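>>> Here is a sequence with its predicted model. Questions after.
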Amino acid sequence: RMLQTLAGVNLAGHSVQGGMALPPPPHGHEGADGDGRKQDIGDILHQIMTITDQSLDEAQAKKHALNCHRMKPALFSVLCEIKEKTGLSIRGAQEEDPPDPQLMRLDNMLLAEGVSGPEKGGGSAAAAAAAAASGGSSDNSIEHSDYRAKLTQIRQIYHTELEKYEQACNEFTTHVMNLLREQSRTRPISPKEIERMVGIIHRKFSSIQMQLKQSTCEAVMILRSRFLDARRKRRNFSKQATEILNEYFYSHLSNPYPSEEAKEELAKKCSITVSQVSNWFGNKRIRYKKNIGKFQEEANLYAAKTAVTAAHAVAAAVQNNQTNSPTTPNSGSSGSFNLPNSGDMFMNMQSLNGDSYQGSQVGANVQSQVDTLRHVINQTGGYSDGLGGNSLYSPHNLNANGGWQDATTPSSVTSPTEGPGSVHSDTSN
DNA sequence: TTCTATGATTTTAT
DNA sequence: ATAAAATCATAGAA
């Protein structure tokens, strides 16, 4: 009806081409003169068709003429009235803009993957620098930087595309807004409507944007899966790293649970991550416990490795300890894993020094050395047997309800070769 | 190729 | 959250 009205106005005002007869303009009631109306419509269609052929100037001129028409205010008010009625339904129909869950999901993922988030570290430049810096250090970092480089690539594409879309969207929006503003001189257009129009445009564009995001997500997923595969291809730690880890493990055999700080330090020393350290210790503990026999040799090796320094340190510590604080033979826990173990250690030290010794007053540092020593003692055999240490171990060995202690002790069981005496003297030195 | 070692992941329990 | 245990998957040796 509005179209008719407009067309009618147009015709009425200017008897455009073909000089058609005026239909009584906006009386807007159907029925009545059916024939005439059909004719009108035909004319109007014709009119519209010809309009497309007109030049811009002509159209401009017509618009101007329309604006100057004497009937314009009246017609305008009629249009306002009509709008008044139709506007209600429109207003009711809109207003909701539930954030698309799909889009949200994509957004979240892109953000999580660092594609849409703030550019970190200068992007490709940083990645390249990292790659260059890592050089031949490790395959892992190379893979990692490779991954990052690819991610940056995706990221760049994503951003440029997004920018393009945004630009296009803005252009289109302003274009439409201009158009509407222009038209608002001819027909009533509320700001709300413009807003709505803009909203529609944005929605349209966001669907395009979603496609972009979707494909970006896919690309990231593919890259990621490839990277994960690569990461699954584990590389053994360097010999040096294993060495360090083993040293720690065997020198803390009674409590091989490095603290967070210790883990960090180990990670740094081994140039691996903290979680890798955790993994390593997790694996080591369980595997050691599962088959101690298999680890005997290794244990010996590392125990012996630290035994000399440990012995010195312990001696010093004990000396120190003795002089500083003579006794307090209770409360066995020295930060050790469990009580039985503390007792264990206590006995060992007693035997070693032939003197009373309180685990409770020895720092963790000493404890590790004690572990080492004890291990050497146990490994080399005779000592505990000779001194009845075995009887001490066995019960503790058995009573362990899943604790770490039952793992440490069997070492005393496997005790081959070597003369007890020599061992004793060695370790006590 | 098979077999073992080993780093990582998953499951389960606390 | 952390640890144990089970399991996976590959590296590397045989």
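Good, I have the coordinates.

>>> what's the neighbour count on A:W404?
19 (other C-beta atoms under 10 Å). For every residue, glycine as well, the C-beta is placed using N, CA and C.

>>> Go ahead and confirm it touches A:F249.
No: contact between A:W404 and A:F249 fails when scored by C-beta atoms under 8 Å: they sit 11.7 Å apart.

>>> Mutual contacts of those two, please.
Listed as contacting both A:W404 and A:F249 by C-beta atoms under 8 Å, 6 or more residues apart in numbering are A:P256.

>>> for stretch A:169-186, which positions count as buried?
Neighbour counts using 16 or more other C-beta atoms under 10 Å place A:169, A:173, A:180, A:186 of stretch A:169-186 among the buried residues.

>>> and if you look at stretch A:237-253?
A:237, A:241, A:243-253.

>>> Out of those, which is nearest to A:D43?
For the buried residues of stretch A:237-253, the residue nearest A:D43 by C-beta to C-beta is A:F237; the value is 87.2 Å.

>>> which residues touch that closest one?
A:245, A:270, A:272, A:276, A:280.

>>> ok, now A:A267?
A:273-274, A:276-277.

>>> follow-up on the earlier one: and the buried residues of stretch A:237-253, which of them are in helices?
A:241, A:243-251 (DSSP state H).

>>> Please go through those and note which also touch DNA strand C.
Among these, proximity to DNA strand C is found for none (C-beta under 7 Å from any atom of the strand).

>>> need those in JSON lines with distance to A:K289 and pLDDT, can you?
Formatted as JSON lines, these follow (distance: C-beta to C-beta, whole Å; pLDDT from 0 to 100):
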{"residue": "A:A241", "distance to A:K289": "22", "pLDDT": "92"}
{"residue": "A:E243", "distance to A:K289": "21", "pLDDT": "92"}
{"residue": "A:I244", "distance to A:K289": "21", "pLDDT": "93"}
{"residue": "A:L245", "distance to A:K289": "16", "pLDDT": "94"}
{"residue": "A:N246", "distance to A:K289": "15", "pLDDT": "93"}
{"residue": "A:E247", "distance to A:K289": "19", "pLDDT": "91"}
{"residue": "A:Y248", "distance to A:K289": "17", "pLDDT": "93"}
{"residue": "A:F249", "distance to A:K289": "12", "pLDDT": "93"}
{"residue": "A:Y250", "distance to A:K289": "14", "pLDDT": "91"}
{"residue": "A:S251", "distance to A:K289": "17", "pLDDT": "90"}
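
>>> What is the nearest of these to A:I41?
A:A241 (86.0 Å).

>>> State the number of residues packed around the nearest residue to that closest one once chain neighbours are set aside.
Distances taken as C-beta to C-beta, 6 or more residues apart in numbering put A:C270 closest to A:A241, at 3.5 Å, once the chain neighbours are dropped. Close neighbours of A:C270, defined as other C-beta under 10 Å, add up to 20.

>>> What distance do you get for A:C270 to DNA strand C?
Remark: distance between A:C270 and DNA strand C (C-beta to the nearest atom of the strand, to the nearest Å) = 16 Å.

>>> Who are the contact partners of that residue?
Contacts of A:C270 (C-beta under 8 Å, 6+ apart): A:237-238, A:240-241, A:244-245, A:277.

>>> mind listing what A:A262 touches?
Per C-beta under 8 Å, 6+ apart, neighbours of A:A262: A:Y248.

>>> Spell out which helix or strand contains it, please.
Taking DSSP states H and E as the criterion, A:A262 maps to helix A:260-270.

>>> Can you mark which positions in that helix are buried?
Those buried within helix A:260-270 under the rule 16+ other C-beta under 10 Å are A:263, A:265-267, A:269-270.

>>> Among those residues, which one sits closest to A:H159?
Closest to A:H159, out of all of the buried residues of helix A:260-270 and judged by C-beta to C-beta, is A:A267, at 34.2 Å.

>>> was I right about A:A303 contacting A:F249?
No: counting by C-beta under 8 Å, A:A303 sits too far from A:F249 to count as a contact (10.6 Å).

>>> So which bits of stretch A:40-48 are buried?
A:40, A:43-44, A:47.

>>> swap in stretch A:193-206?
Result for stretch A:193-206 [16+ other C-beta under 10 Å]: buried residues A:193-194, A:196-198, A:201-202, A:205.

>>> Among these, name the ones in helices.
A:193-194, A:196-198, A:201-202, A:205.

>>> can you narrow these to ones near DNA strand B?
Restricting these to those near DNA strand B - C-beta under 7 Å from any atom of the strand - leaves none.

>>> Hmm, which of the residues you listed is lowest in pLDDT?
Across these, the bottom pLDDT score, 79, is held by A:E193.

>>> so who does the residue nearest to A:L245 when sequence neighbours are not counted touch?
Of all residues not flanking A:L245 in the chain, A:W280 sits nearest, at 5.4 Å (C-beta to C-beta, 6+ apart). Residues near A:W280 by C-beta under 8 Å, 6+ apart: A:237, A:245, A:272.

>>> Verify the stated contact: the last one with A:T242.
No: counting by C-beta under 8 Å, A:I272 does not reach A:T242; the two are 10.2 Å apart.

>>> for chain A, which helix is longest?
From DSSP H, the single longest helix across chain A is helix A:139-183.

>>> just checking, what packs against that helix?
helix A:124-134, helix A:191-232 (3 or more C-beta pairs under 8 Å, 6 or more residues apart in numbering; DSSP states H and E).

>>> Any stretches of chain A with poor pLDDT?
A:1-37, A:87-98, A:112-114, A:118-149, A:221-233, A:307-403, A:405-429 (pLDDT under 70).

>>> how is it carved up into domains?
A:101-119+A:141-232, A:239-317 (the TED database).

>>> does stretch A:241-250 come close to DNA strand B?
Yes: Stretch A:241-250 reaches DNA strand B (C-beta under 7 Å from any atom of the strand) through A:T242.

>>> In CSV, list the C-alpha atoms belonging to that stretch.
This file holds the C-alpha atoms of stretch A:241-250, laid out as CSV (Å, rounded to 0.1, in the frame of the first residue of the first chain):
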residue,chain,number,x,y,z
ALA,A,241,68.5,-34.0,32.5
THR,A,242,68.0,-37.6,33.3
GLU,A,243,71.1,-37.5,35.4
ILE,A,244,69.9,-34.6,37.4
LEU,A,245,66.5,-36.1,37.9
ASN,A,246,67.9,-39.4,38.9
GLU,A,247,70.3,-37.8,41.3
TYR,A,248,67.5,-36.0,43.0
PHE,A,249,65.4,-39.1,43.0
TYR,A,250,68.0,-41.4,44.6
